[in-house]
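Asks: Fold the following and give me the result.
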Amino acid sequence: MKKCFIAILFLQFSLSSIAQASFELIFGEPEINENCTQTLEHQGYYYSLGSKGVSPENYRAMVLYKISYDGQIIGQVQFPKPDTSYGINFGIPKANGNILCFGTLGHEPYPSQRRYTYVCEISPELELVWERMDSIVESHPLARHRLKTIMLTPDNEVILQGIVDTVEYGFNEFLFFAKYDLEGNRLGYTSFINYVDRNIGSLMLNEDGSGFFLFGELSVGRSSRNWIEFDFDFNYLGSGRLETHHGPPLIWSPATASWVSSDNFILANSYEIPGTNEKGLEMRLFDSGKQLLKSTAIYHDKDIRIPEYKGMGFIDENFIWVATFEPLLPDFTGEEKIKFFVFDNEINLKGSMTYEGGIRYWLWDLLATSDTACLITGVVGENPGVNMFTDNYLKKIRLDDVVTGIINQDWKVGSTIEIWPVPAGETLHVKSSIDSELLVLNGIGQHISVHSIRKGYNLISLTNLSSGIFFIAVKQNENIIETHKLIKQ
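Replies: Sure, this is the predicted structure:
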């Protein structure tokens with residue numbers, strides 16, 4: 001089943017038209033909160049969906065944008081409802097050419113208490129075909145819910161996963177599942193008052209397609225868990241914790257998991273080891289029995305997250321996209337970088353690119369596009385430090401900009417480290433077999449900078465280094481154990 005699924009994706013990739021445009025879009029009305037949470041590729045266009053403020057009280061309405069492959073907004077629509085606040089979290093293309101959308105909805109007098117799951121169908125021309133408001137099956141008078149992730153089953157039924165809160169202030173984050181057909185009819189609903197979901201995770205079919213896994217920061221009763229398995233009637237089948245080579249197994253979120261054709265699966269997540277400066281992106285490869293086969297860590301010098309709802313994606317599993325960003329809210333002043341990575345299906349790093357952004361971002365979604373590119377969706381602050389309004393943000397990165405430039409460069413290989421590209425640009429890739437320090441020296445041996453190197457993959461910024469010839473020294477236990485010549489372009 002998994003191999004068939006991936007073969008279909010590969011066929012779609014092979015038959016797709018090539019539209020190798022890259023672009024960046026920041027769009028929204030002044031002093032209005034905008035929040036696109038997902039972008040789909042459908043019938044030769046991108047469709048971004050989410051919510052938008054439509055009143056001085058900041059009631060929200062669902063909003064959709066139709067965008068060409070070169071980044072032009074060619075259509076947009078919103079559907080405000082009186083005394084109602086609602087929006088779309090996820091969309092799924094249907095065989096009839098329309099888009100099936102899911103979100104949450106709340107009415108006066110408590111519009112922020114989203115007691116309804118909102119389901120609608122939208123045509124490619126952004127026309128509303130039908131809509132339904134489905135009340136959640138919870139008797140508690142304060143019950144409200146949030147959606148976190150979505151999955152389509154082999155029988156074309158939609159699984160929604162999220163949390164239910166029943167306290168007046170704060171959150172208790174009880175896990176729930178709902179199941180719908182492609183006409184928006186609810187087929188099932190189950191909540192678990194003793195299962196807690198603390199962050200956004202990922203749904204993935206189990207190994208034989210008879211049920212599914214939820215990965216995340218979870219607990220079953222008082223036991224901490226990384227995964228829980230259910231059948232399609234939401235019966236509990238088991239749970240456990242996944243092995244990691246990089247820190248305690250619970251210090252990671254969000255997470256995105258996906259099968260590859262080797263009958264293994266890949267999990268992407270950020271991580272941090274408490275009490276240390278060790279943090280970054282972790283890629284883990286597991287067999288179908290959830291045994292850890294390999295892990296790859298990309299160390300960062302700041303806290304990072306992958307996009308919330310989906311942080312990893314691919315059309316061709318030789319080019320698996322992941323992105324990271326700094327988890328400071330968009331209304332904070334300052335600048336941050338977005339990093340893009342490409343891995344193969346054995347989680348070897350094939351290339352990376354750092355986008356030197358001029359603002360702060362919050363990223364919700366990563367889409368691997370049919371032309372081998374990567375499109376991220378999120379929000380930015382409209383005027384950080386002055387107001388808290390947000391605008392929509394989309395950025396598309398070409399595969400050639402991340403991979404080809406590195407593959408065509410030389411590598412330098414020593415007994416301890418490998419460095420590339422040679423000559424170097426703004427970022428130096430370092431793969432090390434040990435924990436060590438990397439010293440950058442000028443031609444007369446003066447220290448220019450010192451960098452902590454962890455076992456695995458490391459990215460060293462050379463932005464502040466002028467063009468010229470330098471030297472790299474690898475230092476461990478106060479001893480220089482390896483040296484390399486470095487040319488900065």
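Asks: Strand partners (parallel or antiparallel) of the biggest strand by length in the chain?
Replies: Ordering each strand of the chain by length in residues (DSSP state E) puts strand 186-197 first. Strand pairing for strand 186-197, using DSSP bridges, gives strand 174-180 (antiparallel), strand 211-220 (antiparallel).
Asks: Could you export those to JSON lines, including columns for distance to Asp263?
Replies: All C-beta spots, glycine's among them, are computed from the backbone N, C-alpha and C. Converted to JSON lines, the strands paired with strand 186-197 look like this (distance: least, C-beta to C-beta, whole Å):
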{"stretch": "strand 174-180", "distance to Asp263": "26"}
{"stretch": "strand 211-220", "distance to Asp263": "15"}
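Asks: and Ser85, which of those is closest to it?
Replies: When the strands paired with strand 186-197 are ranked by proximity to Ser85, the top entry is strand 174-180, at 20.0 Å, counting by C-beta to C-beta.
Asks: mean confidence for the closest one?
Replies: When pLDDT is averaged along strand 174-180, the result is 97.
Asks: Return the distance of it from the chain's centre.
Replies: Distance of strand 174-180 from its chain centroid, counting by C-alpha atoms, centre = their mean, to the nearest Å, is 21 Å.
Asks: low-scoring stretches of the stretch 351-489 of the chain, by residue?
Replies: Residue ranges of the stretch 351-489 of the chain with pLDDT under 70: 404-415, 479.
Asks: could you show me where the strands are in it, in order?
Replies: Shown for the stretch 351-489 of the chain, the strands assigned by DSSP state E, counting those that start in this stretch span residues 361-368, 374-381, 390-397, 410-413, 417-422, 427-432, 436-441, 447-453, 456-461, 468-476, 479-488.
Asks: Equivalent analysis for the stretch 151-300 of the chain, please.
Replies: Ranges of strands within the stretch 151-300 of the chain are 158-165, 174-180, 186-197, 202-205, 211-220, 223-231, 236-240, 255-259, 265-272, 279-286, 292-299, based on DSSP E, counting those that start in this stretch.
Asks: Could you tell me the least trusted of those strands?
Replies: Minimum mean pLDDT among the strands of the stretch 151-300 of the chain: strand 292-299, a mean of 88.
Asks: angle of it against strand 456-461?
Replies: Calculated by axes from the mean of the first three to the mean of the last three C-alpha atoms, to 10 degrees, strand 292-299 forms an angle of 20 degrees with strand 456-461.
Asks: thinking again about what came up before, would you turn the strands paired with strand 186-197 into a markdown table with distance to Ile444 and mean neighbour count?
Replies: Listed next are these as a markdown table, based on distance: least, C-beta to C-beta, whole Å; neighbours: other C-beta atoms under 10 Å:
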| stretch | distance to Ile444 | mean neighbour count |
| --- | --- | --- |
| strand 174-180 | 61 | 22 |
| strand 211-220 | 51 | 22 |
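Asks: Tell me which of those sits nearest to Val77.
Replies: strand 174-180 (22.7 Å).
Asks: Centroid-nearest residue for the chain?
Replies: Most central in the chain under C-alpha atoms, centre = their mean is Gly311, positioned 1.8 Å from the mean C-alpha point.
Asks: For the nearest residue to Leu64 once chain neighbours are set aside, list the residues it contacts.
Replies: Excluding its sequence neighbours, the residue lying closest to Leu64 (C-beta to C-beta, 6 or more residues apart in numbering) is Leu49, at 4.9 Å. Going by C-beta atoms under 8 Å, 6 or more residues apart in numbering, Leu49 touches 36-40, 62-65, 88, 91, 99, 101.
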